[in-house]
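Engineer: I would like the atomic coordinates for the input below:
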Amino acid sequence: QFSKMDAVDLRDRIERARFNDPRLTELNLFGSHLGDEGLSEVARALKENTVVDTLTLCRNNFGSAGIVELAEVLKSSTSLLHLNLSGNAIGLGGMEALKAALKVNQTLRRLDLNSNNIDTA
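Structural biologist: Next up, the predicted model:
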């Protein structure tokens, strides 16, 4: 499932986020091919995290199904400032989930959605 980054390294980073490692302020999973299932795992790891302020999920092959769980985490996140979701396929459904989360989130300052097949037509 995780091909670009070493699977052990990837799991280590996710576990560090899950256990609120104070040294892990940036979680960069660029090009890890997470897919929807992997993104859900990342979202679960971040649910109680109060340290990660930058999350990079570029080119991870997830769509709207995966983004829904992350959007739920965004609603209660108090630490995340920068979120990069570029190069995925979140589509209009994923955008709607993010829109609802952003109405509640008070801390996110930068959101990158480039190349996500968001079509309003």
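Engineer: next one: the one helix or strand residue 73 maps to to chain centre, how far?
Structural biologist: In the assignment (DSSP states H and E), residue 73 maps to helix 64-76. For helix 64-76, the separation from the chain centroid amounts to 8 Å (computed by Cα atoms, centre = their mean, to the nearest Å).
Engineer: cool, and stretch 36-55?
Structural biologist: Relative to its parent chain, stretch 36-55 has a centroid offset of 6 Å by Cα atoms, centre = their mean.
Engineer: Residues contacting the helix holding residue 73, please?
Structural biologist: For helix 64-76, contacts defined as Cβ atoms under 8 Å, 6 or more residues apart in numbering pick out 34-40, 42-44, 46-47, 80, 83, 85, 88-95, 97-98, 100-102, 104-105, 108. Bear in mind the C-beta positions are built from the backbone N, C-alpha and C, glycine included.
Engineer: Which ones among those residues map onto helices?
Structural biologist: 35-40, 42-44, 46, 91-95, 97-98, 100-102, 104 (DSSP state H).
Engineer: Pull out the buried members of those residues.
Structural biologist: 35-36, 38-40, 42-43, 46, 91, 94-95, 97-98, 101 (16 or more other Cβ atoms under 10 Å).
Engineer: and the two most separated of the residues you listed?
Structural biologist: The span of these, defined through Cβ to Cβ, is set by 46 and 91 at 21.7 Å.
Engineer: Where is pLDDT lowest across the buried ones among the ones in helices among the contacts of helix 64-76?
Structural biologist: Lowest pLDDT of these: residue 91, 89.
Engineer: residue ranges with poor pLDDT in the protein?
Structural biologist: Within the chain, the segments meeting pLDDT under 70 span 1-5, 119-121.
Engineer: can you confirm residue 111 is in a helix?
Structural biologist: No. Counting by DSSP: H, G, I helix; E, B strand; the rest coil, residue 111 is not part of a helix but strand.
Engineer: Count the residues that sit near it.
Structural biologist: When neighbours are defined as other Cβ atoms under 10 Å, residue 111 has 15 of them.
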